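Asks: output the structure for:
(chains A and B)
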Amino acid sequence: MASTNINLNMTSVENREYRLGTIIGWDGKASDLIKESAYDERSAKKHGGCAGKGSGCKLCELASPLNQETMCSNAIVQCQVGNLTDCALIDHSPIGCSGENSKFNLSMHVGLKRRGKPLQNTLNISTNLKEQDMVFGASEKLRQTILDAKERFNPKAIFIGMACATAIIGEDIDSIAEEMEPEVGVPIIPLHCEGFRSKHWSTGFDIAFHGVLRQIVERHPTKKQNDLINIVALWGTDYFSEMLAPLGLRVNYLLDTASFEEIRQASEAVATATFCDTLGGYMATALEESFGVPQIDAPQPYGIKGTDEWLRAIAKVVGKEKEVEEYIESEHKRIAPKLAELREFFKGKNGIVMTGSAYAHGLISVLSELGIGHDAALVFHHDPIYDGAGKHQDTLKELVETYGDIPHYTVSKTRAFQLPQLLKRAKTDFLLIRHPGLASVAGHLGFPTLTMGDEHIPVGYEGILRIGEMLKGVLSRTKFNQVLKRNVKLPYSDWWLAQDDPFYLTHHPETLNDLPEPRNLKFSKDKESNSENA
Amino acid sequence: MSESLKTKKKSNSISDPRYSCAVGASNTVVGIKGAVPIANCSPGCQLKQTAFLTFENGFQGSIYAGAGNMPSANSTENDIVFGGIKTLDQLIKSTLKVFNGDLYVVLTGCVGGLIGDDVSSLVNEYRDLGYPIVAVDTAGFKGNNLFGHEEVVNAIVDQFVGDYKGERKKGLVNLWSEVPYYNQNWRGDYQELARILRGAGFEVNVLFGPENNGVKDWLRIPEAQFNLVVSPWVGVRNAEHLQEKYGQPFLHIPEIPIGAEATSEFIRKVVEFAGIDKEQSEKFIEQENGIYYYYLEHFSEFFAEYWYGMPSEFAITADSAYTLAYTKFLADQIGLIPRKAIVSDDPPQKFREQIEKAFHNISEGVDVQVEFEEDGYLIEKSIKEVDFSSGKPLILASSWEINLANDKGALFFEVTPPSSETLIINRSFVGYKGALNLLEKIYSASVGGK
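Replies: Next up is the predicted model:
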């Protein structure tokens, strides 16, 4: 590799929008976005080569005056390093920033169960800041909370998560971490993950990985574990072991539900792969650049072709080319009858995927294998390149070349108000969704949804069949969604529901100068005349 | 007080939180039909509130402009550096255009508070144009979601309901009780309280939940004869404000009544205060008592005959309202022995003595030393230290206590956020009907050889 892209000397991470050119608003044909993204030029540049004129320029991005409830990097950090079995996470913030910790505790419980680990709660603690701390600073409270974390959990490492409030008042978490580390005796890891910092929450993944790469992963491994492969994952069921066992590999899942030791040994592994290049790109690239652990440069393991190539790329690293071909052949044969049956069932059906970007590309591959049409898709962000910048990691191009173009390919970060337009212009029978906020609104519009909680379900050959079986149940739920459609009122105006363009407000900014008359003016100075007795 | 709470130097830290922050009062707005919250805060703020208050709290779900539909500024670095007013202005305009709202409430979080955006001036401009829009400062560092709830109520009263010079209507009562979404049975409980008050002869102005008629009920607030606050402390500040603003009296009943005896007493207190005719209320009480004891007599057979064991002791941790109400019912009406009661909602100091007193006099011969603790680590430690005497104890708490309850071999169910092993649609544990539901819930857990 010609150059190093990830700088582990700094405590903070460059946002995705600067590092990768990530955008959160775009609408058009997928094939056009591939062209505009200029992956190959960006890749050449990442690898230190000559990029040529104009490469790496900013993608056109559709801004929106209307945004809605969404996720932030701080929450992502909580769902990553907040879900380790023996490390504590301090939310250096007012208590509201810890609101989602209970949900991540549920994820932790479910994840531990899926991985066969003993049940435990997350090791979470907040500095619980108040108004006077905003005025006088919160460093003393942070020091106290570090000591409390040590006393309560005796953790192997302590992470400190920055929040909007503490970033604005200029809390120096780097210095405090450094100063307290000798006294506490375990790594104290500052994470600059304040919510306003990056326009997309996925920067939070990189921040979490950056922290563990700097202060937990073994810098100077004394041994190599040639049968160990890192899989950058979330809480998903352990389907990777059965796929990789034929290659003689054991899986080291990073980061959710992992222990300090499992993270530490990441540099001893033979390679790093992932279920999603959006998630895993940073970790895999840094492990390659700074620890000499190669990352798998292959399409993601979804659909038949993707899974074939992903397995072959791993087999090549561990010298199991012969074994892998036998496995691939037997798997193709094994799933064929069931797959044919499912394709018959889904004939004429269409589906829309709404998830993060690389994962969406994987899911759409699986739908294609099942013979399900996909006129439209929505991704919450688009990264024109990933950190790995591998020849075979251009996931959108891989998708379109293998399974065909997507005429309505939309990049938009959890803007539920656009669903009426998105669902009006494309044929669909159901939606596959990840991240909260959209599924229930789509449900009110009459469409059944499958919320992908266990992200490993669609992975590999068997994943195609798993998704097929699940979708049968999802389609059946259309009845419930039709009841909702007939009886539930959406909060959107008739004017908005009549629009066809999900980005109408962006394309016609002048429309905001023409506001509706204040409706049904109950707000009147003459209150008596208005107050009807209900 | 337990040893751990006494000896431990009080720290600022909180593990396993039981409340969220002021900006979570967006859910108070969602509790009003047709109202649209506009979140002037960072990305992530509202999703965290939704996760805690509506999802991880009996998976209540949301409605209308709540949760994923909620407009949010999602502040960026740019807003921090250059100010967020322009972003907010665009958000307000597009919300007015795209949403059908009868009332818009702009809730400003930490960022707007710290960078000093003049949100009020901007919102006033829209209000001057005739839009029903309200601004409220709900920065997370100012207080928890219960504080935020009271702030939102006062802001709507001041900036939307406005001045009133008309008459007050005898027998019309504004009902202030649980905090929408935070108190997980709020929808059902408001319905039961309203049913009881109506039965007693009142016209009830229900300000939140399924029986709220939207903002027109809010505009009727000043017309009511009085405000009724049924909560140990939440809402008292609002009632005091209404008293000052409209000269409207209020009645504060700290304990949400559960069971026929407490509910009948509750009705008599409210009727007495209002000075309305007692004939209807007494008739209602008689009728409800008849129904209640018809069921209770059936239940008593199970209670007497079931020989496979049932709990005799309990520990509870929840907000002031549920902790007091459930402890009272279980100790006073069923005869369960309260071994631990921990209030986790950080009541203002001035209410604590009154709350402590309510626990001291909870039932004849039963004295409960209530603890005030908001740090989950210390709450769990305190419950862990309880040496339950025999059999399976009952633990009423949050999902943070699931593992602890398993270790104790306890019957366990969730009564406070976070609650991730409970699904709540229409549930109430208060009044006449709710008391029976609560008994069903508890003793369903003890049957079946569990």
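
Asks: helices of the stretch 1-150 of chain A, start to end?
Replies: A:16-19, A:30-37, A:39-46, A:73-80, A:101-114, A:131-136, A:139-153 (DSSP state H, counting those that start in this stretch).

Asks: buried residues in the first one, which are they?
Replies: Spelled out, that is helix A:16-19. By neighbour count on 16 or more other Cβ atoms under 10 Å in any protein chain shown, the buried set for helix A:16-19 is A:R16, A:E17, A:R19. Placement of C-beta: from N, CA and C, glycine included.

Asks: just these now: which is nearest A:T506?
Replies: Distance to A:T506 across those (Cβ to Cβ) is lowest for A:E17, with 17.8 Å.

Asks: nearest spatial neighbour of the closest one, chain-adjacent residues omitted?
Replies: Closest residue to A:E17 apart from its sequence neighbours, by Cβ to Cβ, 6 or more residues apart in numbering or on different chains: A:K199 at 5.6 Å.

Asks: neighbours of that neighbour, how many?
Replies: For A:K199, the tally of surrounding residues (other Cβ atoms under 10 Å in any protein chain shown) stands at 22.

Asks: again, but for the one 3 residues further on
Replies: Other residues near A:S202 come to 26 when the count uses other Cβ under 10 Å.

Asks: among the helices of the stretch 1-150 of chain A, which is nearest A:A271?
Replies: Among the helices of the stretch 1-150 of chain A, the nearest to A:A271 by Cβ to Cβ is helix A:39-46 (19.6 Å).

Asks: after the helix or strand bottoming out on mean pLDDT in chain B, next one along is what?
Replies: Within chain B, judged by mean pLDDT, DSSP states H and E, the helix or strand with the poorest mean is helix B:3-7; its value is a mean of 44. Using DSSP states H and E, the helix or strand that directly follows helix B:3-7 along the chain is helix B:26-30.

Asks: and that following helix, what other elements does it pack with?
Replies: Helix B:26-30 makes packing contacts with strand B:35-40, helix B:45-50, strand B:103-108, helix B:145-156 when contacts are defined by 3 or more Cβ pairs under 8 Å, 6 or more residues apart in numbering or on different chains; DSSP states H and E.

Asks: can you redo those as JSON lines with mean neighbour count?
Replies: Shown next, in JSON lines, are these (neighbours: other Cβ atoms under 10 Å in any protein chain shown):
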{"stretch": "strand B:35-40", "mean neighbour count": "30"}
{"stretch": "helix B:45-50", "mean neighbour count": "33"}
{"stretch": "strand B:103-108", "mean neighbour count": "27"}
{"stretch": "helix B:145-156", "mean neighbour count": "25"}
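
Asks: tabulate these (TSV), appending distance to A:D500 and mean pLDDT.
Replies: Formatted as TSV, the helices and strands packed on helix B:26-30 follow (distance: least, Cβ to Cβ, whole Å; pLDDT from 0 to 100):
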stretch	distance to A:D500	mean pLDDT
strand B:35-40	24	98
helix B:45-50	28	97
strand B:103-108	26	98
helix B:145-156	36	98
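
Asks: indicate which one of these is closest to chain A.
Replies: Chain A lies closest to helix B:45-50 among the helices and strands packed on helix B:26-30, at 3.6 Å (Cβ to the nearest Cβ).

Asks: wondering if the closest one reaches chain A at all.
Replies: Yes. Contact between helix B:45-50 and chain A, assessed by Cβ under 8 Å from any Cβ of the partner chain, occurs at B:C45, B:Q46, B:L47, B:K48, B:Q49, B:T50.

Asks: name the helix or strand for the nearest residue to A:L367 once chain neighbours are set aside, please.
Replies: Leaving aside its chain neighbours, A:L367 sits nearest to A:G351 (5.1 Å; criterion: Cβ to Cβ, 6+ apart). If you go by DSSP H and E, A:G351 is part of strand A:351-355.

Asks: about what we covered before: surely the residue nearest to A:E17 and A:G21 touch.
Replies: No. Contact criterion Cβ atoms under 8 Å: A:K199 and A:G21 do not qualify, at 11.7 Å.

Asks: whichever residue of the stretch 351-450 of chain B sits closest to chain A: neighbour count?
Replies: Nearest residue of the stretch 351-450 of chain B to chain A: B:P418, at 3.2 Å (Cβ to the nearest Cβ). Per other Cβ under 10 Å, the neighbour tally for B:P418 reads 29.

Asks: how far away is it from A:N124?
Replies: For B:P418, the distance to A:N124 equals 12 Å [Cβ to Cβ, to the nearest Å].

Asks: which neighbours do these two have in common?
Replies: Common neighbours of B:P418 and A:N124, using Cβ atoms under 8 Å, 6 or more residues apart in numbering or on different chains, are A:N105.

Asks: any low-confidence regions in chain A?
Replies: Where chain A drops to pLDDT under 70, the residues are A:1-3, A:49-57, A:519-534.

Asks: how does it divide into domains?
Replies: Here the domain parsing of chain A from automatic domain parsing is A:73-215, A:321-487.

Asks: please identify the most buried of the ones you listed.
Replies: The highest mean neighbour count among the domains of chain A, using mean count of other Cβ atoms under 10 Å in any protein chain shown, belongs to domain A:73-215: a mean of 23.

Asks: quick revisit: and the two most separated of the residues of helix B:45-50 next to chain A?
Replies: Maximum pairwise distance among those (Cβ to Cβ): 9.8 Å, between B:C45 and B:T50.

Asks: quick check: the residue nearest to A:E17 is in a strand.
Replies: No. A:K199 is assigned coil when assessed by DSSP: H, G, I helix; E, B strand; the rest coil, not a strand.

Asks: surely A:P299 touches A:K305?
Replies: Yes. With contact defined as Cβ under 8 Å, A:P299 reaches A:K305; the gap is 7.1 Å.

Asks: ok, those two, which is more surrounded?
Replies: A:P299 (27 against 16).

Asks: tell me the phi and psi of B:E356?
Replies: Backbone torsions of B:E356, given as degrees, to the nearest 10, read phi -60, psi -40.

Asks: nope, A:S175 is what I meant
Replies: Backbone geometry at A:S175, expressed as degrees, to the nearest 10, gives phi -70, psi -40.

Asks: same check, this time on B:I133
Replies: phi -140, psi 140.

Asks: wait, what's in contact with the residue nearest to it when sequence neighbours are not counted?
Replies: Among residues not flanking B:I133 along the chain, B:Y104 sits closest, at 4.3 Å (Cβ to Cβ, 6+ apart). For B:Y104, the contact set (Cβ under 8 Å, 6+ apart) comprises B:A35, B:V36, B:P37, B:I38, B:I92, B:T95, B:L96, B:Y131, B:P132, B:I133, B:V134.
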